[in-house]
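Participant: sequence isn't available, so here's the structure alone:
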């Protein structure tokens with residue numbers, strides 16, 4: 001997913017980045033309850049990075065780095081659910097990689113200096129947005145960029161009328177970056193980012209999990225602020241020598257959540273990096289791209305309280321990997337091994353050990369543009385499960401371990417997939433381009449660690465519980481384009497089940513499934529100054545749910561987009577977007593739901609949302 005699509009959609013938060021992709025769902029409604037799912041697995045089970053910086057564990061319930069982003073800063077977003085050894089630590093279900101923009105992305109070939117001002121307004125939450133970006137070419141190879149943006153949101157209106165309480169907030173984003181384009185084989189990026197989100201919302205109990213005060217929680221909202229500071233440095237070196245394609249990255253990620261009224265702060269500081277090289281080798285008729293390397297992270301977390309002792313938690317992981325991608329005529333084979341050595345201190349208990357994770361994938365090209373593929377891979381996470389830092393630190397040495405567990409074990413995933421691909425041209429009309437992919441997949445996660453309350457008072461962990469979860473389903477992707485028109489259709493059908501095949505529905509920070517999901521996106525440029533878009537999202541009914549979770553109705557939404565540049569350049573860009581055009585009253589199926597007195601309690605998504613935006617570049 002590229003920058004042009006993000007700008008066309010006027011995405012202002014993570015949940016809006018993926019509106020055109022059925023395989024990704026962001027449930028929860030407002031920001032304090034949002035969770036990202038890829039092929040049914042929540043982001044706690046993915047390796048999520050921003051410019052190579054791993055985002056780490058959730059702070060409280062769901063307040064993690066995956067939903068604390070400014071889409072206006074992004075150059076691209078890459079989804080990678082396929083198994084490989086070089087995907088990074090803790091990639092039980094794959095990875096999501098966000099990459100920010102740099103000065104060279106915004107400067108034209110003959111430009112040395114640029115400045116961009118942007119302002120916008122959205123009706124669903126009466127939000128006002130503004131940003132300023134300056135970028136400068138420094139000499140022949142270097143560039144510098146500085147960015148600041150802010151958004152103020154009120155509580156948003158849901159479909160059909162009514163307002164969702166405690167859904168407003170304030171975003172502020174800052175970024176400074178220096179970058180060197182490839183010169184003499186060297187490329188360098190240095191960046192620092194800060195993103196903060198402040199709101200008045202519920203903190204504990206079901207009201208925090210769902211973000212909905214109707215869900216059995218009668219407390220008052222609290223003033224809260226989440227901040228993410230990320231420092232990154234990345235160096236790439238690729239001379240003419242085919243044996244050298246070097247990449248080195250280091251980062252520091254500081255993620256914290258403050259309860260301003262209570263004077264408490266949950267904070268996680270992570271340092272890490274990776275070093276890798278890809279060797280390109282030829283052996284007879286085969287071509288090999290062999291990637292070898294190391295990665296490391298160290299996360300230290302602390303819950304600081306004014307009237308109680310501070311609680312701390314730490315996690316370390318060292319990984320070494322080798323992945324070889326072989327091309328032999330019409331056969332492509334990828335095979336690798338990953339070694340992880342991990343240790344996590346869960347308050348009074350410790351999880352440590354090491355593991356080797358293999359993977360093997362292959363694709364065979366068939367006649368007429370078709371190919372068949374399949375793969376299997378394993379991954380491990382020794383970070384102590386999906387329990388947020390705010391709860392994890394409360395585990396003491398006497399916590400009861402349920403179901404006969406003698407010692408804590410690392411989570412392990414086994415992923416398998418297989419399917420067909422097609423790529424060709426001149427399929428329907430001369431010069432058109434087409435791509436089709438059908439994938440069946442299954443992911444099984446073993447030893448998933450969660451908390452179990454032995455009874456009130458709930459703030460203290462009285463037990464630990466492990467369980468297995470599996471997500472199985474299939475995915476369809478179709479891309480077709482001719483001239484200035486492109487369309488993309490994606491479809492996902494997936495279910496989460498226990499080891500006996502019983503439905504699991506939605507599990508906090510672990511997995512979530514819903515009705516079959518289809519997203520159909522269109523983009524057409526009838527003139528070089530005009531881009532038009534339309535996105536249909538259709539979700540079917542979800543009735544295969546466990547006894548303690550309600551069935552969910554399906555829904556469909558329609559989004560339209562228009563972008564116009566009056567002078568055929570980037571001096572002025574005017575944008576118009578209408579999300580949920582027909583004002584559908586709906587909730588994502590991965591949003592936590594409860595039944596109370598026969599009524600379904602779930603946080604609905606915004607209703608009809610008209611957005612306007614103007615951007616000037618000098």
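Facilitator: Structure's in. What do you need? All values reported here derive from a predicted model rather than from experimental measurement.
Participant: got a list of what residue 375 touches?
Facilitator: With contact taken as CB atoms under 8 Å, 6 or more residues apart in numbering, residue 375 is in contact with 82, 83, 334, 359, 360, 361, 362, 415, 416, 417, 418. No exception for glycine: its C-beta is placed from N, CA and C like everyone else's.
Participant: may I ask which of the residues you listed has the most neighbours?
Facilitator: Neighbour counts for the contacts of residue 375, by other CB atoms under 10 Å, peak at residue 83, which reaches 28 neighbours.
Participant: isn't there a strand covering residue 475?
Facilitator: Yes - counting by DSSP: H, G, I helix; E, B strand; the rest coil, residue 475 is located in a strand.
Participant: burial count for it?
Facilitator: Residue 475 has 21 nearby residues by other CB under 10 Å.
Participant: ok, now which ones touch it?
Facilitator: Counting by CB under 8 Å, 6+ apart, residue 475 has contacts 22, 23, 39, 437, 438, 439, 441, 490, 491, 492, 493.
Participant: surely the first one is in contact with residue 494?
Facilitator: What it means is residue 22. No - contact status for residue 22 versus residue 494: not in contact, 9.9 Å apart, counting by CB atoms under 8 Å.
Participant: please flag which of the contacts of residue 375 sit within helices.
Facilitator: Within the contacts of residue 375, no residue falls in helices by DSSP state H.
Participant: nearest to residue 505 among these?
Facilitator: residue 415 (21.2 Å; CB to CB).
Participant: measure that closest one to residue 38 for me?
Facilitator: 12 Å (CB to CB, to the nearest Å).
Participant: identify the contacts common to these two.
Facilitator: In contact with both residue 415 and residue 38: 81, 93, 94, using CB under 8 Å, 6+ apart.
Participant: dump those residues to a markdown table, plus distance to residue 515.
Facilitator: Putting the shared contacts of residue 415 and residue 38 into a markdown table (distance: CB to CB, whole Å) gives the following:
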| residue | distance to residue 515 |
| --- | --- |
| 81 | 20 |
| 93 | 20 |
| 94 | 22 |
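Participant: ok, of the residues you listed, which come out buried?
Facilitator: Of the members of the shared contacts of residue 415 and residue 38, the ones counted as buried by neighbours, 16 or more other CB atoms under 10 Å, are 81, 93, 94.
Participant: look at the second one and report its pLDDT.
Facilitator: In this case it means residue 93. Looking at residue 93, its pLDDT reads 93.
Participant: and the first one, by the same measure?
Facilitator: On pLDDT, residue 81 comes in at 93.
Participant: quick check: phi and psi at it.
Facilitator: Main-chain torsions, residue 81, degrees, to the nearest 10: phi -90, psi 0.
Participant: which residue packs closest to it, ignoring adjacent ones?
Facilitator: In space, and not counting its chain neighbours, residue 81 is closest to residue 94: 3.8 Å by CB to CB, 6 or more residues apart in numbering.
Participant: residue contacts, the one you found?
Facilitator: Residue 94 neighbours (CB under 8 Å, 6+ apart): 38, 39, 41, 46, 47, 79, 80, 81, 82, 83, 87, 415.
Participant: and for the second one, the neighbour number?
Facilitator: What it means is residue 39. For residue 39, the count of nearby residues is 25 (other CB under 10 Å).
Participant: do you know how far the residue lying closest to it once chain neighbours are set aside is from residue 92?
Facilitator: Of all residues not flanking residue 39 in the chain, residue 81 sits nearest, at 5.2 Å (CB to CB, 6+ apart). Distance, residue 81 to residue 92, using CB to CB: 11 Å.
Participant: quick one, longest helix in this structure?
Facilitator: Under DSSP H, the chain gives helix 3-9 as its longest helix.
Participant: state the mean pLDDT of that one.
Facilitator: 90.
Participant: buried residues in it?
Facilitator: 3, 5, 6, 7, 8, 9.
Participant: output the residues you listed as JSON lines; include the columns distance to residue 555.
Facilitator: JSON lines is the format used below for the buried residues of helix 3-9 (distance: CB to CB, whole Å):
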{"residue": "3", "distance to residue 555": "29"}
{"residue": "5", "distance to residue 555": "23"}
{"residue": "6", "distance to residue 555": "24"}
{"residue": "7", "distance to residue 555": "27"}
{"residue": "8", "distance to residue 555": "23"}
{"residue": "9", "distance to residue 555": "19"}
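Participant: most widely separated two among these?
Facilitator: It's 3 and 9 that sit farthest apart of the buried residues of helix 3-9, by CB to CB, at 11.0 Å.
Participant: low-scoring stretches of the stretch 251-400 of the chain, by residue?
Facilitator: Filtered on pLDDT under 70, the stretch 251-400 of the chain yields the residue ranges 307-309, 347-348, 384-385, 390-400.
Participant: rerun at 50
Facilitator: 400 (pLDDT under 50).
Participant: for the stretch 401-550 of the chain, same thing?
Facilitator: Residue ranges of the stretch 401-550 of the chain with pLDDT under 50: 401-403, 452, 454-463.
Participant: quick one: the strands in it, in order.
Facilitator: 411-425, 433-451, 463-482, 485-497, 517-527, 530-539 (DSSP state E, counting those that start in this stretch).
Participant: same deal with the stretch 1-150 of the chain?
Facilitator: 24-27, 35-38, 41-42, 47-50, 53-54, 74-80, 95-100, 113-122, 127-138, 142-153.
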